[in-house]
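K.L.:
With the sequence up front, the predicted model follows.
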Amino acid sequence: MAAIQKENVARLIEFLEESRARKDDVTLNDVMGLAEVMARSMKDYVNAVQPAVTQELVEISDEICRMKQEITQLRATDIKENRIPEAGRELDAIVEATESATHTIMEAAETIMSADPQDADAYQAVVQHKIMEIFEACAFQDITGQRISKVVGTLNYIEERVNSFVRRLRVNEIDDVPAEETAEEKRRRELILHGPQHKGEGVSQEDVDAMLEVFAQDDIDKLFG
Amino acid sequence: MALDLQMPVLVVDDYKTMIRIIRNLLKQLGFEDVDDAADGTEALEKMKQRRYGLVISDWNMEPMTGYELLKQVRADAGLCKTPFIMVTAESKTENVIAAKKAGVNNYIVKPFNAQTLKGKIDAVFND
């Protein structure tokens, strides 16, 4: 790569020394003169590095275009404006349907519990009627199953696009920045809030009973150091 | 401490359906005086106004969890002797240990049945 030539540097130094000797204010002519000397001094250097710089800029521009294309393929707007809100609506509908079915079933059970068995015919009629209501209410499972499938489909769609985005941009080659603990995460950690465990995970009622029986306070204190 | 079916029982859960389930199970077991609260804060207020013979509490509630309620009850000289059963979906070993360390009398993992609830209540009052 070409360096700035010695005579150009000398010319610049000479100009600056001449300017320093003067006592009056800097004029526009002085500034333009300095710019001219600087431009002349840098000319050879710029001529030499220009192809390399141009090439770098072209590559950066290509990379930006490629990233824009990847971001477009991510379909972030569609995910944010359509798919996630739709999945949220499905989940709300599931909660509503399960609540409604639970209410119907419990009400039927409570009516059966409080029915008078002394009058056998009336009692049988109430029980049969309420049992039919329970069967009907259980139909929620079919609809919520379909809604859950739609939500799972959305999650798969998002996962596919994010994975593809990460793969193409080679984001996974960069170490994740350690995430700062949010206030909600801190609360969950401090108050030991894990939520329900999946089948086979966590401890069973038998395990709990054994732990409560076996663990004397001293044993527990030892576990906490 | 003897089991008295007339004693008031406080059920603490933020899920109304669970309160209804436990209330019905307790009714089947013979308990008539069942009160409820939606979280630890409300439960603590109620406990300061009325002496309950038993507290059955969920763990995961807001703003005050069942775990915090348990610790506050045990730290209060007037309430510390109240029998306390945790009924929760929190089923990690560390939860059970933390609850035991905080002074829980028994611990029921959700989902549970009437027999388990009866067994644990009997165990608390037969200790």
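P.N.:
Everything's here; your move. Bear in mind the structure is a predicted one, so any value in this text is a computation, not a measurement.
K.L.:
can you give me the mean pLDDT across the helix or strand where B:Glu42 lies?
P.N.:
Using DSSP states H and E, B:Glu42 falls within helix B:40-49. Taken as a whole, helix B:40-49 has a mean pLDDT of 97.
K.L.:
what does stretch B:89-102 give?
P.N.:
Here the average pLDDT along stretch B:89-102 is 90.
K.L.:
circling back to that earlier point, what lies in contact with the helix holding B:Glu42?
P.N.:
By CB atoms under 8 Å, 6 or more residues apart in numbering or on different chains, the residues outside helix B:40-49 that reach it are B:10, B:12, B:35, B:37, B:52, B:55, B:57, B:61, B:63-66, B:68-69, B:72-73, B:78-79, B:82. Yep, even glycine has a C-beta here, placed from its N, CA and C like the rest.
K.L.:
ok, and which of the residues you listed reach chain A?
P.N.:
Among these, the ones lying near chain A by CB under 8 Å from any CB of the partner chain are B:Thr65, B:Glu68.
K.L.:
For chain A, give me the ranges with low pLDDT.
P.N.:
A:1-5, A:23, A:171-174, A:214-225 (pLDDT under 70).
K.L.:
okay, now the domains of it?
P.N.:
A:6-72, A:75-173 (automatic domain parsing).
K.L.:
winner for burial among those domains?
P.N.:
domain A:75-173 (a mean of 13; mean count of other CB atoms under 10 Å in any protein chain shown).
K.L.:
show me what contacts the nearest residue to A:Phe15 once chain neighbours are set aside?
P.N.:
Closest residue to A:Phe15 apart from its sequence neighbours, by CB to CB, 6 or more residues apart in numbering or on different chains: A:Val37 at 4.8 Å. A:Val37 is in contact with A:Arg11, A:Leu12, A:Phe15, counting by CB under 8 Å, 6+ apart.
K.L.:
Tell me which residues of the helix holding B:Glu42 come out buried.
P.N.:
B:Gly40, B:Thr41, B:Glu42, B:Ala43, B:Leu44, B:Lys46, B:Met47 (16 or more other CB atoms under 10 Å in any protein chain shown).
K.L.:
Check which element follows it along the chain.
P.N.:
Next along from helix B:40-49, by DSSP H and E: strand B:54-57.
K.L.:
That following strand pairs with which strands?
P.N.:
Strand pairing for strand B:54-57, determined by DSSP bridges: strand B:9-12 (parallel), strand B:84-88 (parallel).
K.L.:
The following helix or strand past the shortest one vs chain A: in contact?
P.N.:
Just to be clear, that refers to strand B:9-12. For strand B:9-12, the succeeding helix or strand toward the C-terminus, using DSSP H and E, is helix B:16-29. Yes. On the criterion CB under 8 Å from any CB, helix B:16-29 is in touch with chain A at B:Thr17, B:Arg20, B:Ile21, B:Asn24, B:Lys27, B:Gln28.
K.L.:
possible to save the strands paired with strand B:54-57 as CSV with mean neighbour count?
P.N.:
Putting the strands paired with strand B:54-57 into CSV (neighbours: other CB atoms under 10 Å in any protein chain shown) gives the following:
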stretch, mean neighbour count
strand B:9-12, 26
strand B:84-88, 25
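K.L.:
contacting residues for the residue of chain A at minimum distance from chain B?
P.N.:
Closest approach between chain A and chain B, counting by CB to the nearest CB: A:Gly202, at 3.4 Å. A:Gly202 sits next to A:Pro196, B:Ser91, B:Lys92, B:Val109 when contact means CB under 8 Å, 6+ apart.
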